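# no sequence on hand, only this structure:
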């Protein structure tokens, strides 16, 4: 009987050691960039980066490319808010490649500032909404908003995880 108690205590001690070893896990490198336990969250920095990307792309379209859609004014922004969303007929490459790429930039602005997947998703939506309402003369397009947001989240998480494989 005494031998059974000793064996049981030893078995429990060994199994408890595995649990505490998992809880005390330390990263295998001092340069772990994407571990959320080691990275502070900077939501305002992510918002500023999203805003800055939109301003940068708009300025390039407006002043370098001299695109008509980028010649915005307060009146065009008011019209976009008042008019509401439409369905546009942009090219396939624009809707299914360029929009998700830009959504990926918004999403990864948040991911690279320590936010989780679900905390980063609204940045893709907000960046796209800002562009549709305030950075184009054309009426905002619901299909552009969906392609940028959903495609950006999907592409953004893939690129975030791939960069984690390289950086970590």
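Done, it's in. Keep in mind the model is a prediction, meaning the values are calculated, not measured.
# state the distance from residue 59 to residue 87.
Distance, residue 59 to residue 87, using CB to CB, to the nearest Å: 28 Å. The C-beta positions use only the backbone N, C-alpha and C, and glycine is treated the same way.
# and those two? Which one has more around it.
Shown here are residue 59 and residue 87; by other CB atoms under 10 Å, residue 59 has more neighbours (12 against 9).
# any idea which helix or strand carries that one?
Secondary structure from DSSP states H and E places residue 59 in helix 43-59.
# repeat for residue 148
In this assignment (DSSP H and E), residue 148 forms part of helix 142-167.
# what residue lies at the spatial centre of the chain?
residue 107 (1.7 Å; CA atoms, centre = their mean).
# for the chain, give me the ranges with low pLDDT.
In the predicted model of the chain, residues 1, 3-5, 7-38, 168 satisfy pLDDT under 70.
# how about the helices in it?
2-23, 43-59, 74-83, 92-93, 99-111, 117-134, 142-167 (DSSP state H).
# output the contacting helices and strands for the third one.
Read that as helix 74-83. Packing contacts for helix 74-83, counted by 3 or more CB pairs under 8 Å, 6 or more residues apart in numbering; DSSP states H and E, involve helix 117-134.
# also the fifth one?
Identification of packing neighbours for helix 99-111 by 3+ CB pairs under 8 Å, 6+ apart yields helix 43-59, helix 117-134, helix 142-167.
# give me the buried positions along that helix.
Residues 99-100, 102-111 are the ones in helix 99-111 that count as buried (16 or more other CB atoms under 10 Å).
# I'd like these laid out as JSON lines, including distance to residue 167.
Shown next, in JSON lines, are the buried residues of helix 99-111 (distance: CB to CB, whole Å):
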{"residue": "99", "distance to residue 167": "27"}
{"residue": "100", "distance to residue 167": "23"}
{"residue": "102", "distance to residue 167": "23"}
{"residue": "103", "distance to residue 167": "22"}
{"residue": "104", "distance to residue 167": "17"}
{"residue": "105", "distance to residue 167": "18"}
{"residue": "106", "distance to residue 167": "20"}
{"residue": "107", "distance to residue 167": "17"}
{"residue": "108", "distance to residue 167": "13"}
{"residue": "109", "distance to residue 167": "16"}
{"residue": "110", "distance to residue 167": "17"}
{"residue": "111", "distance to residue 167": "12"}
